[in-house]
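Visitor: Sharing a model prediction with you, sequence too.
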Amino acid sequence: MPTQLSLFETAPVAPAAEQDTGVRQGPSVNEAEPARVPDEIHALAARLAATLPQGLRLGTSSWSFPGWAGLVYAETATKTALSRHGLTAYAHHPLLRTVGVDSGFYAPLDAGRLARWAAQVPADFRFVVKAPAAVTQRSQRDRDGRWRYNPSFLDLETALRQAVEPYIAGLGGCAGVLLFQFPPQGRKIEPRRFAEDLYRFLQRLPTGPLYAVELRDAGLLTPDLAAALHHGGAVPSLACHPRLPELPVQRELFEREPASGPLVIRWLLRRNRGYDEARDLYGPFDRLAEPDADSRQSIAGLVSAALAQGREVFGIVNNKAEGCSPLSILELARALVGVAAAARPRF
């Protein structure tokens, strides 16, 4: 949409075919340059800081998307170049103060790689890193393709070696949230047993990092789970995802226990789309293909309430939520300013 792209004062975005294949425009370089951010966006960021309590961190799920040329990056670059060198340009944007590292879910991230990423961002920037699925996936396929119990599921030593220790050593002061995302666990899992096992696992983790837990099974979202997180020293990660109840329902469940610690909220998918479907429809993620005003307002309300309670907020937005997470964050920032303005007393 031209009106959206003009907010970032950019040259025309490269054709989708070039972005999908990672073709680079112009001379090959190793570093991505930040897009020019117009005064309007700087003013919006300043207004957020002035009207909302401190502690708001908004960011995207990963950062290596060539389609963000002109939005976050000055020109089109390959995914590989952006993955290695794009964070400095990403963190230059005044609305992006955190980032989600989803790749940790698929394979462990060593401390060296995390340290290299941390070296590309300011000291007050924070990372939201997913722990490996080896710790959170109850079953895994064997060589014959059959599902077997995963012996590393909720195993403390695996979690320490593959997630916690690299996270602490690599990110240092830039560590924000270590996220344990649990994929669908299967029909045979008993909710109370799951909550008890999770509690015992969380209780044994070393203190220091902020741990968050996010599920994909609505049936496991029970008061027992809320208690397990509260007493286990973790916070829930509220997820806008079609497999889960609406965000206000999730909030009501977890606020039965006293709200403490930061709010972690992730805007992932529309309720009428699947992940692959959204990816195919929205690529190369350079526009708001399907705006979701209802989810945006719900998130803005939750974020504003948490900030008013003095809680830090980590808000992560995926491209599959509306089509382009940087533009979603821009609209979310405007919604937050609107909520703050509506809450001010009128005389």
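Guide: Received the coordinates, thanks.
Visitor: From Tyr73, how far off is the closest residue in space to Gly323 that isn't next to it in sequence?
Guide: Once flanking residues are discounted, Gly323 sits nearest to Ala289: 3.2 Å by CB to CB, 6 or more residues apart in numbering. Every C-beta, even on glycine, is put in place using the N, C-alpha and C of the backbone. Here the distance between Ala289 and Tyr73 works out to 20 Å (CB to CB, to the nearest Å).
Visitor: pLDDT wise, what is the residue nearest to Gly323 at?
Guide: pLDDT recorded at Ala289 is 97.
Visitor: How about Leu220?
Guide: Model confidence at Leu220, given as pLDDT, is 97.
Visitor: Where is the longest helix in this structure?
Guide: The residue-count maximum for a helix in the chain (DSSP state H) belongs to helix 325-343.
Visitor: to the chain's geometric centre, what's the distance from it?
Guide: The chain centre lies 17 Å from the centre of helix 325-343; the measure is CA atoms, centre = their mean, to the nearest Å.
Visitor: In this structure Pro326 contacts Val72, no?
Guide: Yes - using CB atoms under 8 Å, Pro326 is in contact with Val72, at 5.5 Å.
Visitor: Need the residues touching each of those two.
Guide: Common neighbours of Pro326 and Val72, using CB atoms under 8 Å, 6 or more residues apart in numbering, are 93, 96.
Visitor: residues near Arg243, how many?
Guide: 14 (other CB atoms under 10 Å).
Visitor: ok, now which ones touch Val264?
Guide: Shown in contact with Val264 (CB under 8 Å, 6+ apart): 128, 177, 179, 212, 214, 235-238, 314, 316.
Visitor: Just name the closest of those to Ala159, please.
Guide: Proximity of the contacts of Val264 to Ala159 (CB to CB) peaks at Leu179, which lies at 12.3 Å.
Visitor: Please report how far that closest one lies from Ala107.
Guide: 15 Å.
Visitor: cool, and Pro38?
Guide: For Pro38, the distance to Ala107 - CB to CB - is 38 Å.
Visitor: Over to Arg141?
Guide: From Arg141 to Ala107 the distance is 16 Å (CB to CB).
Visitor: Next: Ala341.
Guide: When distance is defined by CB to CB, Ala341 is 44 Å away from Ala107.
Visitor: did I read that right, Arg279 in a helix?
Guide: Yes - according to DSSP: H, G, I helix; E, B strand; the rest coil, Arg279 belongs to a helix.
Visitor: How many neighbouring residues does the nearest residue to it once chain neighbours are set aside have?
Guide: Of all residues not flanking Arg279 in the chain, Lys320 sits nearest, at 6.3 Å (CB to CB, 6+ apart). By the criterion of other CB under 10 Å, Lys320 has 26 neighbours.
Visitor: sec struct for Lys320, please.
Guide: Going by three-state DSSP: Lys320 is helix.
Visitor: same question, Val235
Guide: strand.
Visitor: Show me what it is bridged to.
Guide: Beta-bridge pairing of Val235 under DSSP bridges involves Ala212.
Visitor: separation between it and Val264?
Guide: 6 Å.
Visitor: Need the overlap of contacts for these two.
Guide: With CB under 8 Å, 6+ apart, Val235 and Val264 have common neighbours Ala212.
Visitor: for the stretch 201-347 of the chain, what spans make up the strands?
Guide: In the stretch 201-347 of the chain, the strands defined using DSSP state E, counting those that start in this stretch lie at 211-215, 234-240, 263-267, 313-317.
Visitor: so what secondary structure elements neighbour the first one?
Guide: Going back to what we said before, that points to strand 211-215. strand 175-182, helix 191-204, strand 234-240, strand 263-267 (3 or more CB pairs under 8 Å, 6 or more residues apart in numbering; DSSP states H and E).
Visitor: so which of the ones you listed is the most packed in?
Guide: strand 263-267 (a mean of 26; mean count of other CB atoms under 10 Å).
Visitor: can you give me the angle it makes with strand 234-240?
Guide: Computed by axes from the mean of the first three to the mean of the last three CA atoms, to 10 degrees, the angle separating strand 263-267 from strand 234-240 equals 30 degrees.
Visitor: hey, C-alpha coordinates of strand 263-267 in PDB?
Guide: Provided in PDB are the C-alpha atoms of strand 263-267 (Å, rounded to 0.1, in the frame of the first residue of the first chain):
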ATOM      1  CA  LEU A 263       4.300  -9.100  30.300                       C
ATOM      2  CA  VAL A 264       5.400 -11.200  27.300                       C
ATOM      3  CA  ILE A 265       3.000 -11.100  24.400                       C
ATOM      4  CA  ARG A 266       3.400 -12.400  20.900                       C
ATOM      5  CA  TRP A 267       1.200 -11.400  17.900                       C
END
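Visitor: Any idea how many residues pack against the nearest residue to Ala169 once chain neighbours are set aside?
Guide: Leaving aside its sequence neighbours, Ala169 sits nearest to Ala111 (CB to CB, 6+ apart; 4.1 Å). By the criterion of other CB under 10 Å, Ala111 has 16 neighbours.
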